[in-house]
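A.B. asks: predicted model, plus sequence, below.
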Amino acid sequence: MQNFSFSSPTKFEFGRNAEERIGKLAAVYGRKALVHFGMGTFVKVNGILDRVINSLESAGVATVELGGAQPNPLDRKVYEAIDLCRKEKVDVIIAVGGGSVIDSAKATAIGVKYDGDFWDFFSGKAAPIEKIPLGVVLTIPAAGSEGSISSVITKEEGLLKRSCDCDLMRPEFAALNPELAATLPSYQTACGAADIIAHVMECYITNTPGGDFADRLCEATIQSVMHNTRILINEAGNYNARANVMWASMVANNDLLSVGRLQDWSSHLIEHELSGLYNVTHGAGLAVILPAFLRYQYKTNVMRIAQFGNRVFGISLDFENPELTALESIDRLEAFFREIGLPTTFKELGAKEKDIPELAAKCYINSKGELIGQFNPLTSKQVEEIYRLACE
């Protein structure tokens, strides 16, 4: 286990009616808020947006609204939000939505305080050193952006999907009410589950020894997400199942599960190009890429993948041939994704095999080296092979 430094300063208000307490949380940081939300009607039709604005105004915080953040958020909306914040002299940003809205708000928060192009932070040309305060009202458990150090934005020119990762990106506060996710379609619930599981696996797929405690946390998180997702597919309004998935989503991506070990994250980089090019839901893309990635990489540390299957799925460990256990573990994970209604191949996702060279090449634009990942660093040609495995 490696040395580490860990800080997760976001304040969380969790439970029923949590969004109605957002005003008091925001008032600490100023008297004018940008309320940023998505391009659909969900937050308006369900009354969420009205409750948030009423809470803010009751606490003496004036509001400016900006909708239109789309799945796989675009740089165009971030530029618009930055300009609006500066024009209106906004003190704090409130993101109302899921990971895409939160990521758009995060990019805005660091961009407002920067004299240059906010994309500099996503292309690696600069690192953010300040931001305006940021709060969240979460509606979709999936990305864990409400507690993470990351924001992922797509640049329309070239359809490049890139992330900015630093502690500054963590929101100052977040309201998490599981009831707000009660009406999510089963497909969106399933995509969220895949996203959460993939975040955990990025921490779990490591060659760093001595991290049994983190391993057990990862395994338990995945088991809980699977168990509660199965409940939600059949019983969308089950509060406790929603609550467990919502909190697991945050924990899966706030670095608690990754301390003391090298993380991989190459499967996420590989998927980002799929959702960047085809605008598919990130969790659906991960359901296609993660099993293919594991099949390509499992020989790097067979016993780790076999351990995953033994502890998460209860597969008996074949000590004479642990490769069989490892491969069955991957099959079980893929079967779970199919069970909850997710695609597991390129064709089902709508991706095209002819685009594989372009997808692989894009993984390395802005890369600081010729390899990606930590578990078994990958070349561009190897990434192409993973994409091709995902076609089968």
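C.D. replies: Nice, I can see it. Residues are numbered from 1 along each chain as shown.

A.B. asks: which of the helices or strands spans G67?
C.D. replies: Take DSSP states H and E as the rule and G67 turns out to sit in strand 62-69.

A.B. asks: got the contact list for that strand?
C.D. replies: Outside strand 62-69, the residues that touch it by Cβ atoms under 8 Å, 6 or more residues apart in numbering are 31-39, 49, 53, 56-57, 77, 80-81, 84, 88, 90, 97, 100-101, 104-105. Glycine gets a C-beta too; all of them are placed from N, C-alpha and C.

A.B. asks: report the buried members of those residues.
C.D. replies: For the contacts of strand 62-69, a neighbour count by 16 or more other Cβ atoms under 10 Å gives the buried set as 32-38, 49, 53, 56, 77, 80-81, 84, 90, 97, 100-101, 104-105.

A.B. asks: out of the residues you listed, list just those in strands.
C.D. replies: 32-38, 97 (DSSP state E).

A.B. asks: tell me the two of those that are most distant?
C.D. replies: Maximum pairwise distance among these (Cβ to Cβ): 21.5 Å, between K32 and G38.

A.B. asks: for L232, see how far away A252 is.
C.D. replies: As judged by Cβ to Cβ, to the nearest Å, A252 and L232 stand 16 Å apart.

A.B. asks: the two: who's more crowded?
C.D. replies: Neighbour comparison, A252 and L232: the larger count goes to A252, with 31 against 23 (by other Cβ atoms under 10 Å).

A.B. asks: next up, the contacts around the more buried one.
C.D. replies: A252 neighbours (Cβ under 8 Å, 6+ apart): 144, 196-197, 199-200, 221, 225.

A.B. asks: give me the neighbour count for the closest residue to it other than its chain neighbours.
C.D. replies: The shortest distance from A252 to any non-neighbouring residue, by Cβ to Cβ, 6 or more residues apart in numbering, is to H199 (4.1 Å). The local packing of H199 (other Cβ under 10 Å) involves 29 other residues.

A.B. asks: H199 against N253, yeah?
C.D. replies: Yes - here H199 reaches N253: they are 4.6 Å apart, a contact under Cβ atoms under 8 Å.

A.B. asks: any shared contact partners between these two?
C.D. replies: G144.

A.B. asks: output the contacting helices and strands for the host helix or strand of Y187.
C.D. replies: Here Y187, judged by DSSP H and E, is contained in helix 186-204. Applying 3 or more Cβ pairs under 8 Å, 6 or more residues apart in numbering; DSSP states H and E, one finds that helix 186-204 makes contact with helix 212-234, helix 239-252, helix 266-278, helix 282-297, helix 322-339.

A.B. asks: so after the fourth one, what's the next helix or strand?
C.D. replies: Spelled out, that is helix 282-297. Assigned by DSSP H and E, the successor of helix 282-297 is helix 302-308.

A.B. asks: can you give the distance of the helix or strand of the chain with the lowest mean pLDDT from its chain's centre?
C.D. replies: Of all helical and strand segments in the chain, the minimum by mean pLDDT, DSSP states H and E falls on helix 42-45, at a mean of 87. Centroid separation for helix 42-45 versus its chain: 22 Å, with Cα atoms, centre = their mean, to the nearest Å.

A.B. asks: report the buried residues of that helix.
C.D. replies: 42-43.

A.B. asks: show me the domain layout of this protein.
C.D. replies: Using automatic domain parsing, the domain ranges for the chain come out as 11-180, 186-389.

A.B. asks: same list (those) but as CSV, adding distance to Q2.
C.D. replies: As requested, the domains of the chain are exported to CSV (distance: least, Cβ to Cβ, whole Å):
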stretch, distance to Q2
domain 11-180, 18
domain 186-389, 5
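
A.B. asks: quick one: which of the ones you listed is nearest S5?
C.D. replies: domain 186-389 (8.5 Å).

A.B. asks: any idea of the mean pLDDT in that closest one?
C.D. replies: On average, the pLDDT along domain 186-389 is 95.

A.B. asks: also stretch 88-105?
C.D. replies: Stretch 88-105 carries an average pLDDT of 97.

A.B. asks: look up how far S148 lies from I196.
C.D. replies: Distance, I196 to S148, by Cβ to Cβ: 12 Å.

A.B. asks: any common contacting residues for these two?
C.D. replies: N253.

A.B. asks: and the residue of the chain most remote from its centre, how far from Q307?
C.D. replies: Within the chain, E320 marks the point farthest from the mean C-alpha position, 37.5 Å out by Cα atoms, centre = their mean. E320 sits 16 Å away from Q307, going by Cβ to Cβ.

A.B. asks: cool, G116 as well?
C.D. replies: 46 Å.

A.B. asks: show me the residue at the heart of this structure, geometrically.
C.D. replies: A143 (2.5 Å).

A.B. asks: that residue in helix, strand or coil?
C.D. replies: Under DSSP: H, G, I helix; E, B strand; the rest coil, A143 falls in the coil class.

A.B. asks: thought it was touching D103?
C.D. replies: Yes - the pair A143 / D103 is scored as a contact, 7.4 Å apart, by Cβ under 8 Å.

A.B. asks: run a quick neighbour tally on the residue nearest to L317 when sequence neighbours are not counted.
C.D. replies: Spatially, and ignoring its direct neighbours in sequence, L317 is nearest to N310 (4.8 Å; Cβ to Cβ, 6+ apart). If you count neighbours by other Cβ under 10 Å, N310 ends up with 20.

A.B. asks: thought N310 was touching F319?
C.D. replies: No - using Cβ under 8 Å, N310 is not in contact with F319; the gap is 10.8 Å.

A.B. asks: measure T108 to E88 for me?
C.D. replies: From T108 to E88 the distance is 12 Å (Cβ to Cβ).

A.B. asks: hey, what's in contact with both of these two?
C.D. replies: Common neighbours of T108 and E88 (Cβ under 8 Å, 6+ apart) are L34.
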